[in-house]
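>>> Structure for this input, please:
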Amino acid sequence: MWAVGTAAYQVEGGWQQDGRAPSIWDTHCHKDGRATGDVASDSYNNLYRDTEALHILGVSHYRFSISWSRLFPNGTDAGASQAGYAYYRALINRLKEMGIKPVVTLYHWDLPQRLQDIYGGWVNESMVEVFEAYAKACFNLFGKDVKYWITIDNPYVVAWHGYSTGSLPPGIKGEKLLGYKAGHNLIKVGSKSGTRVTRYGLVQ
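Numbering: from 1, shown residues only. All right, here's what the predicted structure looks like:
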């Protein structure tokens with residue numbers, strides 16, 4: 001396997017385009033004049049340019065993440081965005097044409113802000129069921145063409161620096177207690193979505 005990888009917030013841009021809702025990274029980066037991913041490398045609007053770069057590199061696999069708030073702006077309760085679905089479908093189809101296998105990360109740290117506001121994020125056990133519904137919806141939409149799934153990118157960072165130190169979104173300084181609560185729920189996600197725990201994440 002010769003691969004490269006990206007995360008949606010790092011490359012997609014188009015942060016308010018075609019109905020995409022804000023994520024906790026949007027909220028975090030729009031505070032205090034921080035650099036944002038509003039445009040990033042604008043991969044959302046340059047799919048063929050960027051996949052051609054994969055071709056030039058000669059990779060066999062490409063790891064990318066789905067922006068939860070692009071595919072399901074309301075979490076999952078209102079169905080998939082047609083524009084969001086079309087983008088990821090076009091990306092997967094393009095990779096198939098090029099003979100590159102997709103490796104899809106379901107969650108690369110960019111929880112929809114709506115779910116953070118409603119549930120308080122990963123410290124709430126209800127998020128296990130919410131994520132299960134999201135994962136199953138993605139499997140139904142893309143599972144025919146995607147063999148490799150990564151559920152949570154680096155759950156340690158999500159839990160500890162999101163809810164304990166507060167150095168990353170959602171920026172909650174909850175010390176050890178909230179960090180452990182978030183970590184506990186992230187581990188539960190694996191058993192609910194048919195995945196196994198690895199050092200770096202949860203893999204189906």
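>>> What is the burial count for the closest residue to residue 12 other than its chain neighbours?
Closest residue in space to residue 12, ignoring its immediate chain neighbours: residue 44 at 4.4 Å, by C-beta to C-beta, 6 or more residues apart in numbering. Bear in mind the C-beta positions are built from the backbone N, C-alpha and C, glycine included. With neighbours defined by other C-beta atoms under 10 Å, the count for residue 44 comes to 24.
>>> Spell out the residue ranges of the strands in the protein.
Under the criterion DSSP state E, the chain contains strands at 3-5, 61-65, 101-107, 148-153, 196-197, 201-203.
>>> For these, could you give me CSV that also reports distance to residue 89?
Compiled in CSV, the strands of the chain are given as follows (distance: least, C-beta to C-beta, whole Å):
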stretch, distance to residue 89
strand 3-5, 20
strand 61-65, 13
strand 101-107, 11
strand 148-153, 16
strand 196-197, 27
strand 201-203, 23
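>>> and those strands as CSV, adding distance to residue 124, mean pLDDT and mean neighbour count?
As requested, the strands of the chain are arranged in CSV below (distance: least, C-beta to C-beta, whole Å; pLDDT from 0 to 100; neighbours: other C-beta atoms under 10 Å):
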stretch, distance to residue 124, mean pLDDT, mean neighbour count
strand 3-5, 29, 97, 15
strand 61-65, 22, 98, 21
strand 101-107, 15, 98, 22
strand 148-153, 16, 95, 22
strand 196-197, 21, 44, 13
strand 201-203, 18, 43, 21
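>>> List just the one of those strands that sits closest to residue 75.
strand 101-107 (12.8 Å; C-beta to C-beta).
>>> what inclination does the closest one have with respect to strand 61-65?
Here strand 101-107 points in a direction 20 degrees away from that of strand 61-65 (axes from the mean of the first three to the mean of the last three C-alpha atoms, to 10 degrees).
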